[in-house]
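Asker: Sequence plus predicted model, see below.
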Amino acid sequence: MTPPGTLAAEQTPDLVPDPRALALRQVHRAVADLRRGTPVLLRGPDGALVVAAAETVGARGLAELAAAGLAPPVLLLAPVRAAAVLHRPVPHGAEEEGAVALRLPPALLAPEALRSLADPTAGRLLPETPERLSAPPLSQAALALAKLGRLLPALVAAPATEAAAARLALLSVGAAEVLAYPASAATSLARVAEARVPLEDAPEARIVAFRAADGGIEHLAILVGAPEATAAAGGAPLVRAHSECFTGDLLGSLRCDCGPQLRGAIARMAQDPAGGVLLYLAQEGRGIGLVNKLRAYTLQDGGLDTLDANRALGYGADERNFLVAATMLRAVGVERVRLLTNNPDKIAGLAACGIEVLGREAHAFDPNGVNDGYLRTKAERFGHIL
Ligand SMILES: Nc1nc2c(ncn2[C@@H]2O[C@H](COP(=O)(O)OP(=O)(O)OP(=O)(O)O)[C@@H](O)[C@H]2O)c(=O)[nH]1
Ligand SMILES: [Zn+2]
């Protein structure tokens with residue numbers, strides 16, 4: 001019987017599940033489980049894989065994984081990280097497959113050893129070098145799930161059945177939903193709050209906050225002057241898609257050029273009669289997250305440049321998603337823009353998402369004596385126009 005004060009399912013016809021909302025919710029929950037060291041089940045068309053993040057899994061998670069798995073677990077790594085662990089060049093065909101599997105002898109099937117295998121900054125010597133196996137189906141979706149959680153893309157994984165995972169109350173998520181998540185979350189962004197916030201460099205500024213249906217972190221649009229009116233009259237305001245940088249934006253880190261770019265963009269928009277929109281995107285570290293950016297900095301102090309450091313962690317050089325920026329621009333009525341950037345990928349990325357980029361305005365600042373190499377790498381390896 002339905003308890004008093006509640007509704008029976010048949011009395012709430014509006015509660016028909018919305019497949020997209022359900023998929024976002026399930027992926028978000030799976031990410032949270034991985035982040036706290038709990039295994040999850042990834043489902044595909046031809047079977048399922050129980051996975052746990054090498055970075056967070058503890059003894060209990062490993063025991064749950066062993067109990068749910070149909071075979072001994074393996075370690076899934078991104079090809080570049082696997083090459084470093086195996087002391088060999090990137091294994092043949094691994095780049096295309098997107099993942100490499102390694103056998104885990106008992107000495108390596110322990111939380112500390114797994115963290116050393118996952119993290120190139122851990123720097124501990126392993127008791128033995130693992131052996132390469134062929135990557136099981138769903139490996140790529142497993143790495144993608146860890147990346148969504150801004151974890152190192154390194155997972156312990158074993159084939160499993162849905163029944164075994166359900167017995168252990170492990171969460172189950174579809175691989176297709178994981179792969180569709182970034183685009184799906186981006187297009188679900190909606191305005192949730194806004195306020196007038198006069199800024200030192202732009203007294204006429206408003207901040208509009210956006211939230212996606214996944215319940216994840218908010219992105220912000222800073223409207224300087226009257227860009228919406230400019231757009232409504234057919235003009236093109238200045239736009240900057242600025243990825244958040246805690247170290248540069250807030251602390252004034254000298255390792256990058258983000259702080260001057262942020263303040264400089266706002267000041268420039270305040271001087272422009274067309275006004276501007278600064279998108280403050282929660283894509284820290286070009287989409288790898290602050291924790292991994294700090295790891296990348298450690299690797300850079302060891303000699304790698306900003307691009308190779310990302311790859312050594314198992315991430316791509318740039319993991320950002322331009323659909324977030326395009327959706328926000330559309331929501332404030334700005335679809336034709338003059339883009340403040342040196343990065344040609346941003347122009348192409350926004351254009352691919354339907355934003356008309358009428359022109360590019362250079363946004364370079366002099367090197368500060370610390371970020372010289374970083375800026376050089378952006379020009380030489382990312383193709384930045386300086
Ligand atoms: N992974 C990583 N991210 C970094 C590093 N240095 C800065 N970042 C991040 O890079 C992002 C800054 O990029 P943006 O200024 O938005 O863009 P850009 O690609 O440099 O292009 P511009 O529009 O020309 O500035 C921020 O999220 C920073 O946290 C680094 O060494 N490694
Ligand atoms: Zn920065």
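Answerer: Thanks, I have the structure now. Ligands and ions are numbered 1, 2, ... in the order given.
Asker: what about residue 371, how many neighbours?
Answerer: 20 (other C-beta atoms under 10 Å). C-beta here means a position set from N, CA and C on the backbone, and glycine is covered the same way.
Asker: okay but it is in contact with residue 260, surely?
Answerer: No: with contacts counted by C-beta atoms under 8 Å, residue 371 stays clear of residue 260, the gap being 9.8 Å.
Asker: Residue 378: which element?
Answerer: Residue 378 is part of helix 372-381 when elements are defined by DSSP states H and E.
Asker: That helix vs ligand 2: in contact?
Answerer: No: judged by C-beta under 5 Å from the ion, helix 372-381 stays clear of ligand 2, getting no closer than 8.8 Å.
Asker: Against which helices or strands is that helix packed?
Answerer: Helix 372-381 sits against helix 306-312, with contacts defined as 3 or more C-beta pairs under 8 Å, 6 or more residues apart in numbering; DSSP states H and E.
Asker: Show me what the helix it packs on is packed up against.
Answerer: helix 79-86, helix 290-301, helix 372-381.
Asker: mind redoing it with 6 Å?
Answerer: The helices and strands touching helix 306-312, judged by 3 or more C-beta pairs under 6 Å, 6 or more residues apart in numbering; DSSP states H and E, are helix 290-301, helix 372-381.
Asker: Which positions within it qualify as buried?
Answerer: Of the residues in helix 306-312, 306, 307, 308, 309, 310, 311, 312 count as buried by neighbour count, 16 or more other C-beta atoms under 10 Å.
Asker: Which ones among those also lie next to ligand 1?
Answerer: 306, 310 (C-beta under 6 Å from any ligand atom).
Asker: Not counting residues beside it along the chain, what's closest to residue 224?
Answerer: residue 269 (3.8 Å; C-beta to C-beta, 6 or more residues apart in numbering).
Asker: How many residues are close by that neighbour?
Answerer: Other residues close to residue 269 by other C-beta under 10 Å number 27.
Asker: What is the distance between the helix or strand where it lies and the centre of its chain?
Answerer: Assessed by DSSP H and E, residue 269 sits inside helix 258-271. Between the centre of helix 258-271 and the centre of its chain there are 25 Å (C-alpha atoms, centre = their mean, to the nearest Å).
Asker: other SSEs contacting the next helix or strand after that helix?
Answerer: Note on helix 258-271: by DSSP H and E, the next helix or strand toward the C-terminus is strand 276-281. In this structure, strand 276-281 packs against strand 219-224, strand 238-243, helix 258-271, helix 322-331, with contacts taken as 3+ C-beta pairs under 6 Å, 6+ apart.
Asker: The last one close to ligand 1?
Answerer: No: judged by C-beta under 6 Å from any ligand atom, helix 322-331 makes no contact with ligand 1; its nearest approach is 10.1 Å.
Asker: Would you mind giving the domain segments of this structure?
Answerer: 19-181, 190-283+320-382 (the TED database).
Asker: And the first one, end to end?
Answerer: Right, domain 19-181. Terminal residues of domain 19-181 lie 12 Å apart, using C-alpha to C-alpha, to the nearest Å.
Asker: One more: the shortest one?
Answerer: Separation of the first and last residues of domain 190-283+320-382 by C-alpha to C-alpha is 31 Å.
Asker: now it, how far from the chain's geometric center?
Answerer: 18 Å.
Asker: Return the residues in contact with residue 244.
Answerer: Shown in contact with residue 244 (C-beta atoms under 6 Å, 6 or more residues apart in numbering): 282, 284.
Asker: Can you report phi and psi for it?
Answerer: phi -60, psi 150 (degrees, to the nearest 10).
Asker: how near is it to residue 323?
Answerer: 17 Å (C-beta to C-beta, to the nearest Å).
Asker: likewise residue 329?
Answerer: In terms of C-beta to C-beta, residue 329 sits 11 Å off from residue 323.
Asker: what about those two, which has more around it?
Answerer: Higher neighbour count among residue 329 and residue 323: residue 329, with 25 against 20, using other C-beta under 10 Å.
Asker: Could you count how many residues lie near the residue nearest to the more buried one when sequence neighbours are not counted?
Answerer: Of all residues not flanking residue 329 in the chain, residue 355 sits nearest, at 5.8 Å (C-beta to C-beta, 6+ apart). Per other C-beta under 10 Å, the neighbour tally for residue 355 reads 23.
Asker: residues in contact with residue 145?
Answerer: Applying C-beta under 6 Å, 6+ apart, the residues near residue 145 are residue 178.
Asker: for stretch 335-345, which positions count as buried?
Answerer: 336, 337, 338, 339, 340, 341, 342, 343.
Asker: What lies in contact with stretch 216-225?
Answerer: 202, 204-211, 269-270, 275-282, 328, 332.
Asker: give me the subset of these touching ligand 2.
Answerer: Counting by C-beta under 5 Å from the ion, no member of the contacts of stretch 216-225 is near ligand 2.
Asker: Quick check on those: which are buried?
Answerer: 202, 205-208, 210-211, 269-270, 275-282, 328, 332.
Asker: List the buried residues of the host helix or strand of residue 185.
Answerer: Using DSSP H and E, residue 185 sits within helix 175-187. Under the neighbour-count criterion of 16+ other C-beta under 10 Å, helix 175-187 has 175, 177, 178, 181, 182, 184, 185, 186, 187 buried.
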